[in-house]
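Student: Fold the following for me, if possible:
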Amino acid sequence: MPQRRAAPLLYKLRAVFLPASGVFLVILLSTLANFLSFEVWIALGPADLLFTVPFAWCLQGVRAKPQELVAVALASAGSLAFASGKLSGAAAADSSSVALAIVVTLLCRACQSLQTVLLRNACRQLGAGSGGGKPSIGEKLLEESSPFLQTSVLEIAALKMWMVAAFSLPYALATEGAGPWREMAAGNFWSSGPKGALLTGSCVITLLFQLCNVGMNAEASSLTVAMVTTALAPLTGLALALTLGSGGQAGRSLAALLGLKASELTLTGIEVFGLILLGVAVVLYFLGQRARLREARSSTRSSAGSGVEFQRDPAPAM
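Tutor: Predicted coordinates:
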């Protein structure tokens, strides 16, 4: 069997371009969504389900399980209930701002889901991870993937971050100018106060997160990755939204800590109902993923026992 070889640089850049573009759009839209309404942003975290499941079906051939389809339906109903509650409770002068916050948040969630699916495809296309690009259970074979190409997770993460930085720097200069760069170049930025340490820590966290994100996508299917991104952080966001909107002392203290106005975060009955539906959707999706993982483990043991391997045609040389 021919040995695996390193993928050409141009081939790698082409594979990573779309996921990196998705990350830039997520940065752009999430910043705007948080500016418009922090409450809407955290409450609609589980809306990722509305997009990840159909994207995985269209781009990877992965069919959703019954629990996952019910989760998508509940997430749709919960998002609709919460959005309608926010719009009906908003003052006439604020209704357009709330509507824009909902639209931007949903667009951001769609971009997040799309870049997750595209990153998984790129990792498979470039032969990253312990599986060397082999499909997880339910995934279709990629036309441009090859068992003879090999790219490390670190290399894909580095290329992805480089491309995101290339997109972000012109945007940062256009929106904020050169002032922040001059401030960072000044000696007192790093020597006085915690600003320099906080910036360094933020960079380290970002690098580690992107490396872990690529590694997770190289090893697991997009629907499994979505279980982590749509179950852990969004459940925390839902709990945060319910606490802020409860009107109790804990909610007021938390709002003051975050610099938010507690009076603007009070939840109506329909909004609470929507958040509950979103929480139930996350739990059902988690249960569906547990069933999928059990099926994957069973299939892996069966394949190992029978010696079955996936075969694909090599990718064209660049």
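Student: now the stretch 1-150 of the chain, which segments are flagged as low pLDDT?
Tutor: Within the stretch 1-150 of the chain, the stretches with pLDDT under 70 are 1-7, 91-93, 131-133, 137-138, 142-149.
Student: actually the stretch 151-300 of the chain, not the one I typed
Tutor: Ranges of the stretch 151-300 of the chain meeting pLDDT under 70: 227, 229-232, 247, 260-265, 296-300.
Student: any idea how far residue 183 is from the closest residue to residue 195 other than its chain neighbours?
Tutor: Spatial nearest neighbour of residue 195, excluding adjacent residues (CB to CB, 6 or more residues apart in numbering): residue 189 at 6.0 Å. For the C-beta atoms, the positions are set from N, CA and C on the backbone; glycine is no exception. Distance check for residue 189 against residue 183: by CB to CB, to the nearest Å, it reads 6 Å.
Student: Among those two, which residue is more densely surrounded?
Tutor: Comparing residue 189 with residue 183 by other CB atoms under 10 Å, the one with more neighbours is residue 189, at 15 against 11.
Student: separation between that one and residue 153?
Tutor: According to CB to CB, residue 189 and residue 153 sit 33 Å apart.
Student: With residue 281 instead?
Tutor: 31 Å.
Student: Of the two, give the one with the bigger neighbour count.
Tutor: The neighbour count for residue 281 versus residue 153, taken as other CB under 10 Å, is higher for residue 281 (27 against 21).
Student: so how far is the strand or helix carrying that one off the chain centroid?
Tutor: Here residue 281, judged by DSSP states H and E, is contained in helix 269-306. From the chain centre to the centre of helix 269-306 is a distance of 17 Å (CA atoms, centre = their mean, to the nearest Å).
Student: would you list every one of the helices in this structure?
Tutor: Here the chain has its helices, by DSSP state H, at 9-36, 38-43, 48-60, 66-89, 95-125, 153-176, 179-185, 187-191, 195-219, 222-245, 249-258, 269-306.
Student: which helices and strands does the fifth one pack with?
Tutor: In other words, helix 95-125. Where contact means 3 or more CB pairs under 8 Å, 6 or more residues apart in numbering; DSSP states H and E, helix 95-125 is packed against helix 9-36, helix 38-43, helix 48-60, helix 66-89, helix 153-176, helix 195-219, helix 222-245.
Student: Could you list the residues in contact with stretch 194-210?
Tutor: 157, 160, 161, 184, 189, 190 (CB atoms under 8 Å, 6 or more residues apart in numbering).
Student: Equivalent analysis for stretch 233-244, please.
Tutor: 39, 42-43, 45-46, 48, 250-251, 254-255, 260, 262, 265, 267, 272, 275, 278-279, 282.
Student: Now that stretch: buried residues?
Tutor: 234, 235, 237, 238, 240, 241, 242, 244 (16 or more other CB atoms under 10 Å).
Student: now those as CSV including distance to residue 114?
Tutor: Shown next, in CSV, are the buried residues of stretch 233-244 (distance: CB to CB, whole Å):
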residue, distance to residue 114
234, 17
235, 22
237, 20
238, 23
240, 26
241, 25
242, 29
244, 29
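Student: Out of those, the closest to residue 83 would be?
Tutor: Within the buried residues of stretch 233-244, proximity to residue 83 (CB to CB) peaks at residue 241, which comes in at 13.2 Å.
Student: For the residue nearest the centre of the chain, which non-adjacent residue is spatially closest?
Tutor: Taking CA atoms, centre = their mean as the criterion, residue 112 is the residue nearest the geometric centre of the chain, at 4.3 Å. For residue 112, ignoring the flanking residues on the chain, the nearest one in space by CB to CB, 6+ apart is residue 26 at 5.2 Å.
Student: For the one you found, give me its contacts.
Tutor: Residue 26 touches 108, 111, 112, 115, counting by CB under 8 Å, 6+ apart.
Student: Quick check: the first one vs residue 37, distance?
Tutor: Residue 108 sits 12 Å away from residue 37 when distances are taken as CB to CB.
Student: go on, residue 139?
Tutor: Residue 139 is 36 Å from residue 37, by CB to CB.
Student: Tell me which of these two has more neighbours.
Tutor: Set residue 139 next to residue 37 and count neighbours by other CB under 10 Å: residue 37 wins out with 23 against 19.
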